[in-house]
Structures are given as structure tokens and as C-alpha cells.
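Asker: My questions concern the predicted model and sequence given below.
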Amino acid sequence: MAPVITPPLVPAQGKTGDTVTVNGSGFTTAATVNFGSVLASTTFVSSTQLTFVVPSGAPCSGTVQVSVTQTGVKSNPVSFVILPAPSVTSVTPACLPAATGGSVTVTGSGFASGGTINLPTTPTPTALTITPPVNNNAVSGTIPGGSDPGTYQVTVTTPGGTGTPNVAFVTLQAAPALTSVVPPTGDLPGDQVTIYGSDLDNLVSVTYTVGATTLTDTTATAFGTYVLSTVPTGLPAGAGTITVTTCGGSDTIAFN
């Protein structure tokens, strides 16, 4: 009696190492599963059921024909789809406020509906479900606020596996806290000042306000605990404020 496979395979798609059930009829202990041109590790369950493990020689992606052979007789072929493992290449934006979180777009390949975007955020890890419509090269999700500041690796997990590690990261940053400006007085346009504080990385802007005039220093550079800045040309004389904005938020300090 020739073996017969009753489609579909269970599951009908997967990756290397997955166990798949073959239902049908006429199976014996001599039955072997052919996964394309590769012989798969086969387990006889009954005359109507076999299981096999998707072999390591399977292609990275695509459709493979599966059949059963015993005593030289081959069954009908049934399709099995190899799901590619996702690959993560970048996260945009790469920095968000820790307090509020925000939307991120993860780019790469092999993304699939039902997968998750994973971030080991603390105190609670974040897992964002990938939902339709799905772009296989880009998925978006929203990181909730309230996670501890830090830099977190982003991975994507689908039925095809987990995306490339150590490639994509997102920073959740605390809001800046300004403590002092040196020199504290007598600053004129063109003078360099040092603004001290904390969480000053990922600088977005430094603005000076005197009265109704607000100007931006486009030369400012941040070093984590201080910012080197030049008082903008055109700023009127008098007391005012300096506002430092980073990806984590903003803070303002007085200057004269």
C-alpha cells in the first residue's frame, strides 16, 4: 500500500528544528520523510501519523515539498513554508524620553504578523506585538513611559526565529537637570559659557531668551554632565534664561 499524506502538514510553516506532524494513511515503521532532497529525522507514531524535524539542511526561506517514502514507494507531495529568521538593522528614533516613551520604527527584514518587538526595559520588559498590516522590512510600536533610563537592545521574534542581536539599540533618557552656568554673569554675544547639570547627552538644542528675544546656539556640544555653548550673536543685553533640550526633555536656568 502506497503512503498517502493528508494535507496540510501541522504546522504548515516553520523553521529549522521545528517538529512537524504528517497525517495520512498507509504509514509503517519503514516510512521516512523527504524534506525536499534532504532526508528528515522521522518518528513513526501510527499508520496514520508521522512526525519529523525540519532538517538543518533546509533552505533559509521558501516553499519545500514534503513526501513520505517507504519500501521504495513515494507519497504525494505536500508544501511546507520555511519562515526566514528576522534581521534587525536599526531603530528610529534611537533615543526617547524615559518618562513618556514614544513610537519607534524597527527596520530590517523577515518581520511577520504575530511576532514581537522585544526590549529588555526595566523594571518591566517591553514586548510589542506586530499586528497587520505588516511591512516585512519595517514595523512600528510604542514604548510605554516609566521605564528606567538606559540603553536597551531591540530584537524581533517571529515564528521564524529571533532577529540578529547586538545590532539595534534604543536609549531611554531622563530629562536634563541644570545646576549652574559658568561664568554666571557678564556674558556677551560670542562669549563661551559652560552649562553644568546631568543627563545632558543626546543634545537637541540650547536656546537663550532675553525679554522677547529667543536665539539658538547652533554650535553647542554636550558632554554628559556639561554643555559648551556660545552666546548667540544678536542677543540683547540683560538677564535671561538658557534652555537645554535633549531627547529626554528640557530644563531652564537663569543667567545674567
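Answerer: Yep, it's here.

Asker: Tell me the bridge partners for residue 142.
Answerer: residue 103 (DSSP bridges).

Asker: Pretty sure it sits against residue 129.
Answerer: No: under the criterion of C-beta atoms under 8 Å, residue 142 is not in contact with residue 129, lying 11.3 Å apart. C-beta coordinates here come from the backbone N, C-alpha and C atoms, glycine included.

Asker: what's the residue nearest to residue 104 when sequence neighbours are not counted in contact with, if anything?
Answerer: Nearest non-adjacent residue to residue 104, counting by C-beta to C-beta, 6 or more residues apart in numbering: residue 91, 5.5 Å away. Counting by C-beta atoms under 8 Å, 6 or more residues apart in numbering, residue 91 makes contact with 104, 105, 106, 107, 154, 168, 169, 170.

Asker: Go through the residues you listed and flag which are in strands.
Answerer: Mapping the contacts of residue 91 onto strands (DSSP state E) picks out 104, 105, 106, 107, 169, 170.

Asker: got the contact list for the fourth one?
Answerer: Read it as residue 107. Residue 107 neighbours (C-beta under 8 Å, 6+ apart): 88, 89, 90, 91, 92, 137, 138.

Asker: And for the fifth one?
Answerer: For residue 169, the residues meeting the contact criterion (C-beta under 8 Å, 6+ apart) are 91, 94, 151, 152, 153, 154.

Asker: what about it, distance to residue 102?
Answerer: Remark: distance between residue 169 and residue 102 (C-beta to C-beta, to the nearest Å) = 15 Å.

Asker: Residue 173 now?
Answerer: According to C-beta to C-beta, residue 173 and residue 102 sit 11 Å apart.

Asker: How about residue 74?
Answerer: 56 Å.

Asker: which one of these two has more residues nearby?
Answerer: residue 102 (15 against 12; other C-beta atoms under 10 Å).
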